[in-house]
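S.K.: need the 3D shape of this:
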Amino acid sequence: MKKELGDVLLLVLTIFLIVIPISYADNSIYFQDSLSLSLELISGFQLQPTGPNPSVNEISADLFLLPQDSFRQTVKIQQTEGSIQDNALHFLWKDNSLEPKSFGYKALVTTKSERRKVTQKINFPLSDAEVASFGEYLKPSENIDSNNPLIIAKASELVEGEDDLFQAVFKLAQWVEENTEYDIRDTVIRESSQKASWVLQNKRGVCDEMTSLLVAMARAVGIPARFVQGISYTEDPDILEQVGKNWLGHGWAEVYFPGTGWISFDVTFNEYGYIDPTHIKLREANDPTESAATFSWRSNNIQLVPKPLDFDVSIVDQGNFVPNGVSIEQEILSKEVGFGSYNLIRAVVKNNANYYSATTLRYAIPNEIEIIGKNKQAILLGPNEMREVFWIIKVPENLDPNFWYSFPSIIYTEKNLTVNDEFIAQNERNVYSLEEVKSLVTTDDDRIFSQEVSISCDIPESVKVGDSLDVTCTLKNKGNTNLPDVSLCLDLSCFPVSIFINQEVSKTVSLDTSVEGFHKFLVHAKNHNVDQRESFQYKVLDQPKVNITINSPKEMVYGEYLEIPIEIKKNSFSAPKHLKIVVTGAGIIQQWNIDELQQPQTTIAKVEMPRLSSNTKIMVIAQWEDDNQNIFSTTVENSIKVTPRSFKDRIVMFFNKIVTIFS
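M.R.: I've put the predicted structure just below:
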């Protein structure tokens, strides 16, 4: 309002209307602790003949949009002709009729204002072990193209320096909501769901597009996320004008928090970490393009044409009002300012809960007052945390100097928590410059930058001499800081690379295999923040060889006791495997096996005297394999000259020779 100043201090009041776009009343269904909702969902199909004598034997349909019991909703199916199979309703027709068919269900769904509570900080980035079971929700899909370079770059930019998972997800969700225009009138969007990369470039969409972009950004930085298909309530006049009803199909995101579970983020509703009780969850999906229903049929000259899904929701009962979990205090820099002055509005927001809680604050002021920067500000509060939010405003210069003006100052949240105050503008009062006001704004950037990389190489344990060996090494950014200008050296080959958060880069080099033996392969990644080194080892294998030495005497006298040491050792870098040794001659038949020959081994062959001849031969036969089960063998023999002691020895030795020849 404005008040006129005169010699007799006569006050003339003129009311300035202020329109506050508060969406809901305190008794709104959004703020109830529970809702009992009657849901009826129906679909169907027609059977169109495509040739002569059309007929149908059997038709089945599976409906996947089926609400399930969870921590925040309970479901009672009241009416359906289908049977529940693998979280879907299965319908079967065998009536041979070509008449149109309909199918669906009626259910009572009770939703609650419940959330999975994150009561303590969860470190970001997530480790490989924490996300090992959620690979499906980390990979790109048809519309959630999280491998798009633009999505990777933007997501990495937004979460760089964050070491708190909730804060990282909140920043992604906040950016999507603030930078994507909700545009239900766009025919391109209404006809088909668009890819996340399209949304990022075009900056518009509806709930499906906004959610796809959030899920894609989360996956791009290593956070498992999925798409949820469901139903929610709206009072948005634009939407009501277009579709004519309050309950609509809706999509939102669920993000995985280790130790807590899947947590809801609905960027369309500014609900970060929770969803209100008007949300009915029907299905969780990897991608919004997944079919709501599938059909199969056995027929002759028949084409099945599905009908669109339709649903109806009505409120059966509602619970009690849920109070706000945050409290707000408002402070105004100066309650009296001059025309053309800047002023500073400060909100002190306190989270009264012992878990993370996000809220969105808006500042309401008459149209004459200019807000410098953003009006709507979403903030995330840790358990019992208190934070400050600021608005810089400017009073117009061209106000009537004959009046002083009283301006209401209102701060309100998405849950309709409101705090009111006012300030006065009057000619010749103090004027604050923009620089003076900015100097009083405090920022609380509590980001902690971490630089961590991992190096992995697909280097084999061994390779044959002369074979080609191409080794690919991958450098992954596991920290929360983008890493520009990294020098990645694979042995003597160096490459300049830059890596966004959670992304990886691979380079390939060829290694020398001309020399057998153990070889080291060094990998080094370095920039002004990172200095990571890894050493890998590989073996170059030659053909395994065995050397056999028979340590027998050249001469001996018949009748003497004889033991012959036989030495076995490898004559190569590669170790012979599955070695089989057979010793024969002079009545010897001796065998032993060696699984892998690394060190020299010796065995003793004991000679039986009655089998000696004047020229006795000792033979050793060896057979072995390499790593690829190729078989090799060798034979070594020695001769021993035996001298008889008597004529009798000579006769025995003669017959031993004959036996040896014919044996």
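
S.K.: pretty sure residue 361 sits against residue 374.
M.R.: No - counting by Cβ atoms under 8 Å, residue 374 is not a contact partner of residue 361; they are 10.3 Å apart. (Glycine included, C-beta is placed from N, CA and C.)

S.K.: between those two, which has more neighbouring residues?
M.R.: For residue 361 versus residue 374, neighbours defined as other Cβ atoms under 10 Å are more numerous around residue 361 (21 against 11).

S.K.: SS state for that one?
M.R.: Going by DSSP: H, G, I helix; E, B strand; the rest coil, the secondary structure assigned to residue 361 is strand.

S.K.: so what sits opposite it in the bridge?
M.R.: When bridges are taken as DSSP bridges, the partners of residue 361 come out as residue 377, residue 413.

S.K.: for residue 348, see how far away it is.
M.R.: The spacing between residue 361 and residue 348, counted by Cβ to Cβ, to the nearest Å, is 11 Å.

S.K.: so what's in contact with these two at the same time?
M.R.: When contacts are counted by Cβ atoms under 8 Å, 6 or more residues apart in numbering, the set common to residue 361 and residue 348 consists of residue 328.

S.K.: please enumerate the strands of the stretch 151-300 of the chain.
M.R.: Assigned by DSSP state E, counting those that start in this stretch, the strands in the stretch 151-300 of the chain fall at 181-182, 204-205, 225-233, 247-257, 261-266, 271-272, 280-285, 293-300.

S.K.: what packs against the longest strand along the chain?
M.R.: The strand of greatest length in the chain, counted in residues with DSSP state E as the criterion, is given as strand 34-49. Judged by 3 or more Cβ pairs under 8 Å, 6 or more residues apart in numbering; DSSP states H and E, the packing partners of strand 34-49 are strand 55-63, strand 101-112, strand 293-300, strand 302-306, strand 310-318.

S.K.: helices or strands next to whatever helix or strand comes next after the first one in the packing?
M.R.: Proceeding N to C from strand 55-63, the next assigned helix or strand is strand 73-80, under DSSP states H and E. Counting contacts by 3+ Cβ pairs under 8 Å, 6+ apart, strand 73-80 is packed against strand 101-112.

S.K.: tell me the mean pLDDT for stretch 626-637?
M.R.: Over the span of stretch 626-637, the pLDDT mean works out to 89.

S.K.: can you give me the helices in the chain?
M.R.: For the chain, the helices identified by DSSP state H occupy 149-159, 165-179, 187-191, 196-202, 207-220, 237-243, 434-438, 647-662, in order along the chain.

S.K.: can you list the buried residues in the longest one?
M.R.: Neighbour-count burial for helix 647-662, with 16 or more other Cβ atoms under 10 Å as criterion, is recorded at 649, 652, 653, 656, 660.

S.K.: residue boundaries of the strands in the stretch 351-500 of the chain?
M.R.: In the stretch 351-500 of the chain, the strands defined using DSSP E, counting those that start in this stretch lie at 357-364, 370-372, 377-381, 386-394, 403-413, 418-425, 453-457, 462-464, 470-477, 483-490, 493-499.

S.K.: I'd like the ones you listed laid out as CSV, including mean pLDDT and distance to residue 201.
M.R.: As requested, these are exported to CSV (pLDDT from 0 to 100; distance: least, Cβ to Cβ, whole Å):
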stretch, mean pLDDT, distance to residue 201
strand 357-364, 94, 26
strand 370-372, 95, 28
strand 377-381, 93, 23
strand 386-394, 93, 31
strand 403-413, 93, 32
strand 418-425, 94, 38
strand 453-457, 91, 30
strand 462-464, 91, 46
strand 470-477, 94, 24
strand 483-490, 92, 23
strand 493-499, 93, 22
